[in-house]
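# below are the sequence and a predicted model; questions follow.
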Amino acid sequence: MTNRVMRWTGVGVVVVALFAGLGWMAFGRGSDGPVVNVYSARSHYGTEEVFSRFTEETGIRVEILGGEPAALVDRIAAEGERTTADVLISTDAGFLWRATELNLLAPVASPVLERQVPVNLRDPENRWFAISRRARTVMRSTARVPEAQAPTTYAALGDPRWKGRLCLRTSNNIYNQSLVASLLAERGESAVREMLTRWMANSPTIRGSDAEVLQAIAQGTCDVGLTNTYYLGNALRDDPSFPVAPVWVEQVGSGTHVNVSGVALTKYAHHRPEAVKLMEYLLTPEAQGLIAEGNSEYPVREGVAEAEWIAAWGRFRADRAPLVNAGRFQARAVRLMNAVGWK
Amino acid sequence: MSAGPVRPASPVTATIAVVAAALVSVPILALLAGLAHPATDTWARLWDTILPEALLNTVLLGVGVGVVTCALGTSLAILVVFYDFPGRRVLEWALVLPLAVPGYVLTFVVLRQWDGSGALPSVARDIFGGEAIRSLPGAILVLSLVLYPYVYLLARSSLAGQSRSELEVAQSLGLSRGKAILRVAVPASRPAIIAGVALAVMEALADFGTVNLLRVPTLTEAVYRTWYGEFDRRGGTQLASLLFLFAILLLAGERFGRGNRRFDQSLRRGTETSRPRLRGMAALPAIALPVTLLMLVVVGPGAQLVVWAAQTFADEGVSRYAEPAVASLILAGVAATFACVVGTVVAYAVRTRPTRAMRIAARIAGSGYALPGAVVGVAVIGVYEWTDDRLLDLGRSLGSEPQLVFTGTALGLILAYLVRFLSVALNASEAHMQRIPSRLDEAAESLGVTGVRALVRVHLPLLQPGIAAAFLLVFVDVLKELPITALLRPFGWDTLAIGVWQATSDARYDAAAVPALAIVLVGIVPVILLTRLGRDRGRS
């Protein structure tokens, strides 16, 4: 009997401790001082040096809540006027467009932001601004595909000579969806449908992530693929002999597709001055350098250099069509990808 | 064996049960209500493209995971309950450990190995083909390896709690021990086994991480594609309600498999001495199967994670995972406590007042498990939004400005866990409750002990192993949970699973190793505690 009493006492103590911990976590941790609350879809949020540097320089604490972009947008919508989010940071332009459609963002009149962010890399009504550029282009095996023979356009991946040699990421991925959406806006449905049909005719090997596509090219499962360049940049930072190189496509045409990671002020932000300060800080040369180096992305601000391990890729011509297209045409892009059988 | 209602429960239990069931059901019902306005064009378009394959894959995945987890979980449970062999005491609890390995973590480790340059993977690639792991059988295999503990855990506690006398009678009538176990002991534990299989299958149907990495487009994948990709939340959630249909079918199948019988038993427990010891050649397969399994699922991937984690350690240290570990522990512990209390009360109410309404309420409350976490999250946040808006109106009419009560709060997060994971506790409680003879209820009633008092004094002591198993399952489930946590948590509540997501979503697997290892380690704590509790009881 004592055994039983002791056991129940033990259970009781554990339960009380749990609820005490819950209460402390929920209510006991308040800290003072200026703060800005960020909902961020960038996956390494919180570990990015740029935010701690901002706090050092301004004394404003940055609280970051990470998540899938769609989920963060849904949450801001649900929280309404009482949202805790001051700033939304997205990994692509599509969801920023989505947030503007849902009327969740506030325009920001900031001469700094307007000067530093080119018109095609921000919302026409200044409700969001790019903080980094992410090019999506063809990747080739340096061992098996000489530069001269590599595809020079997106459509060229549909050339029959890449049959069985092409790797793609799943079509449920936002970066593929944004690329197809941008092409839809520029070229129209029938041209893009034909391009995708020819890609599919090459029986592409499908992988679950950009990193796996690069790995598959490096290991010889395929010879060419399509990924964001920073995945290759990060691989090269770890292993300079990684046998894959980018091919800048569409250099005689409209330019390589470039998506952005962007920042926005929420409509009901409770720390507006701090939020705008953070947004402006993200476009300073120092912050731009940190963002670019941290994830091998391309900076938005003129005059800031990319990371040295990707400098050898050289300059390229980027597609300058407005990025709102990526959002506006995204749903149609997904339907088209489903229809041609891109898994 | 008797069937049917025992006697009316006290109104208190019934009321608690109905309120709890209703609370949990609201988001699910809200989701279903959306079907009143079908997104016809979405359905038509998807039917012409990805839906047929997704449906087929979903059904095959469910059947495959069901068969494999049933075979694996039951045979392992039989092994450790009815036989003794070197290492049994360690294996008994170690076999639960794969539960603490999130499916997406095992998947990325397996993929790294498969694509790697090791001798074993290249032989496997030659035999099965380079893409063999990225396939439906691959997904069934990986998911079954982390989900079989649902069956193992419930089957083990049920088999161990059985009286040994029937088994002895069967053997005295000339059946070999093996046959006696299969014909007498296993059928008596059928409710627990089926409950475990149902949980494993529902979890598999709701999985996104594994099927996405292994490229098996299922219904859940189609939901993500439609909702995130096409911004079509209505179409996406309607697709998800197909999963709800699967869950209902599965639960109906579970009832059917369980039959109308109550598995009343005498309550004398088995003793340790009744376990024959396997020796020599007979012991070899008994040890080889579980050890191989654990090498594949826990030791191998664990070692790989440790290697990766060591690099991360050197780079950034572990201190940033202290707070996530605490957050994970608290959320998992509180949610599991709630789930066990509510699950037991609802199961008790169904037992004592098995009206049709009560049964249906319990079924709906227990169906959230088959819905993908992201869908539960969105259904829940819709209800929270509405409730918080009403509370705001109410507060303003009273002249105050209330805070958000549910949306983005710890309370809201824990309630959402309950919506998704209550079925785990409910299934386990019901399966164990069914084994308690109704004559006990009658005896208690004749002594004037009814309602909550009867539950606490008569049923709870007998339900202890079942509730302990349920606590463990929910605890580990919450520990691994990702989409609901990502959608609903307040600032400062980043869990370990969030840490894993942070790293894996950018394919930085090395950085994912520390939080992934931490999930496994934190998950082991209750496994060991509960095993110890079980042993103490066995001795006393």
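Arrived safely.

# so what's the residue of chain B positioned farthest from its centre scoring on pLDDT?
For chain B, the largest distance from the centre (Cα atoms, centre = their mean) belongs to B:Gly399, which lies 44.8 Å off. We have a pLDDT of 85 for B:Gly399.

# what's the answer for B:Ser446, then?
On the pLDDT scale, B:Ser446 is placed at 83.

# residues near it, how many?
Residues lying near B:Ser446 (other Cβ atoms under 10 Å in any protein chain shown) number 8. No exception for glycine: its C-beta is placed from N, CA and C like everyone else's.

# gap between it and chain A?
According to Cβ to the nearest Cβ, to the nearest Å, B:Ser446 stands 24 Å off from chain A.

# straight-line length of stretch B:122-133, end to end?
End-to-end distance for stretch B:122-133: 12 Å, by Cα to Cα, to the nearest Å.

# ditto for stretch A:250-266
Start and end residues of stretch A:250-266 are separated by 36 Å (Cα to Cα).

# what residues of that stretch count as buried?
Within stretch A:250-266, the residues scored as buried using 16 or more other Cβ atoms under 10 Å in any protein chain shown are A:250, A:254-266.

# which parts of the stretch 101-250 of chain A sit against chain B?
Residues of the stretch 101-250 of chain A lying near chain B by Cβ under 8 Å from any Cβ of the partner chain: A:170-172, A:174, A:177, A:205-212, A:215-216, A:219, A:221, A:231, A:234.

# please list only the buried members of these.
Burial by neighbour count, 16+ other Cβ under 10 Å: within these this picks out A:170-172, A:174, A:177, A:205-212, A:215-216, A:221, A:231, A:234.

# which of these fall in helices?
A:174, A:177, A:210-212, A:215-216, A:231, A:234 (DSSP state H).

# could you dump those residues into TSV and include pLDDT?
Output for these, formatted as TSV (pLDDT from 0 to 100):
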residue	pLDDT
A:Ile174	87
A:Gln177	93
A:Asp210	91
A:Ala211	88
A:Glu212	88
A:Gln215	90
A:Ala216	92
A:Tyr231	93
A:Asn234	90
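
# give me the number of residues near residue 168?
Using chain A here. A:Leu168 has 23 neighbours, counted by other Cβ under 10 Å.

# sorry, I should have been clearer: chain B.
B:Glu168 has 14 nearby residues by other Cβ under 10 Å.

# so it is in which element?
In the assignment (DSSP states H and E), B:Glu168 maps to helix B:165-172.

# from the contact counts, what lies against that helix?
The elements that helix B:165-172 packs onto, with contact taken as 3 or more Cβ pairs under 8 Å, 6 or more residues apart in numbering or on different chains; DSSP states H and E, are helix B:177-180.

# how about A:Ser40, what does it touch?
Listed by Cβ atoms under 8 Å, 6 or more residues apart in numbering or on different chains, the contact partners of A:Ser40 are A:64-67, A:72, A:88-89.

# could I get the contacting residues of residue 38?
Using chain A. In this structure, A:Val38 makes contact with A:45, A:51, A:62-65, A:85-89, A:278, judged by Cβ under 8 Å, 6+ apart.

# nope, chain B please
Residues in contact with B:Pro38, defined by Cβ under 8 Å, 6+ apart, are B:Gln238.

# now it: which helix or strand?
For B:Pro38, there is no host helix or strand (DSSP H and E).

# phi, psi for it please.
Phi and psi for B:Pro38, reported as degrees, to the nearest 10, are phi -60, psi 140.

# quickly note the distance from it to chain A.
Distance of B:Pro38 to chain A, given as Cβ to the nearest Cβ: 18 Å.

# distance check, that residue against B:Gly235.
Applying Cβ to Cβ, to the nearest Å, the value for B:Pro38 to B:Gly235 is 9 Å.

# next: A:Ala71.
Using Cβ to Cβ, which is the criterion applied here, A:Ala71 is 17 Å from B:Gly235.

# between the ones in helices among the buried ones among the residues of the stretch 101-250 of chain A next to chain B, which is nearest chain B?
A:Ala211 (3.2 Å; Cβ to the nearest Cβ).

# number of nearby residues for A:Ala155?
Neighbour count for A:Ala155, taken as other Cβ under 10 Å: 20.

# now it: closest residue in space that isn't a chain neighbour?
Leaving out its chain neighbours, the residue that sits closest to A:Ala155 by Cβ to Cβ, 6 or more residues apart in numbering or on different chains is A:Met195, at 4.7 Å.

# just A:Glu286 next, same as before
Beyond its immediate neighbours in the sequence, the residue positioned closest to A:Glu286 (Cβ to Cβ, 6+ apart) is A:Arg53, lying 7.1 Å away.

# surely that neighbour touches A:Thr284?
No - taking contacts as Cβ atoms under 8 Å, A:Arg53 lies outside contact range of A:Thr284: 9.8 Å.

# okay, buried residues for the strand or helix carrying B:Tyr150 please.
Assigned by DSSP H and E, B:Tyr150 belongs to helix B:136-161. Across helix B:136-161, burial judged by 16+ other Cβ under 10 Å covers B:136, B:138-161.

# starting at the chain centroid, how far to it?
On the basis of Cα atoms, centre = their mean, to the nearest Å, helix B:136-161 sits 10 Å off its chain's mean C-alpha point.

# now that helix: mean pLDDT?
91.

# ok, that helix near chain A or not?
No - Helix B:136-161 does not reach chain A (Cβ under 8 Å from any Cβ); its nearest approach is 11.6 Å.

# what are the ranges of the helices in the stretch 401-540 of chain B?
Along the stretch 401-540 of chain B, counting by DSSP state H, counting those that start in this stretch, helices occupy B:410-433, B:438-446, B:451-454, B:460-480, B:483-488, B:496-504, B:509-539.

# rank those helices by pLDDT, which is bottom?
Across these, helix B:509-539 has the smallest mean pLDDT, namely a mean of 71.

# B:Val378 and B:Tyr228 touch, don't they?
No - with contact defined as Cβ under 8 Å, B:Val378 does not reach B:Tyr228; the gap is 11.0 Å.

# tell me where the model's unsure across the chain.
With no chain named, the answer covers chain A. Flagging of chain A using pLDDT under 70 yields the residue ranges A:1-2, A:4, A:28-31, A:43-47.

# I was after chain B.
Along chain B, the model assigns pLDDT under 70 to residues B:1-10, B:258-274, B:315-318, B:505-508, B:527, B:530-540.

# near chain A, which residues of the stretch 351-500 of chain B?
Residues of the stretch 351-500 of chain B found near chain A (Cβ under 8 Å from any Cβ) are B:374, B:377-378, B:381-382, B:384-385, B:388-389, B:392, B:403-404, B:407-410, B:483, B:486-494, B:498.

# please, a ChimeraX command that selects the buried ones among those?
Of these, the buried ones can be selected in ChimeraX as follows, counting by 16+ other Cβ under 10 Å:
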select /B:374,377,378,381,382,384,385,388,389,392,404,407,408,409,410,483,486,487,488,489,490,491,493,494,498
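
# count the neighbours of residue 320 for me.
Chain wasn't specified; assuming chain A. Neighbourhood size, A:Arg320 [other Cβ under 10 Å]: 13.

# actually chain B
Neighbourhood size, B:Arg320 [other Cβ under 10 Å]: 14.

# and if you look at A:Pro246?
A:Pro246 has 22 neighbours, counted by other Cβ under 10 Å.

# shouldn't it be within a helix?
No - assessed with DSSP: H, G, I helix; E, B strand; the rest coil, A:Pro246 is strand; it does not lie in a helix.

# OK, contacts around it?
With the criterion set at Cβ under 8 Å, 6+ apart, A:Pro246 makes contact with A:135, A:137-140, A:229, A:232, A:313.

# let's see it at 10 Å
By Cβ atoms under 10 Å, 6 or more residues apart in numbering or on different chains, the contact list for A:Pro246 reads A:135-140, A:150, A:227-229, A:232-233, A:256, A:310, A:313-314, A:316.

# look up how far B:Ile50 lies from it.
From A:Pro246 across to B:Ile50, the span is 31 Å (Cβ to Cβ).

# swap in A:Asp210?
Remark: distance between A:Asp210 and B:Ile50 (Cβ to Cβ) = 22 Å.

# sounds good, over and out.
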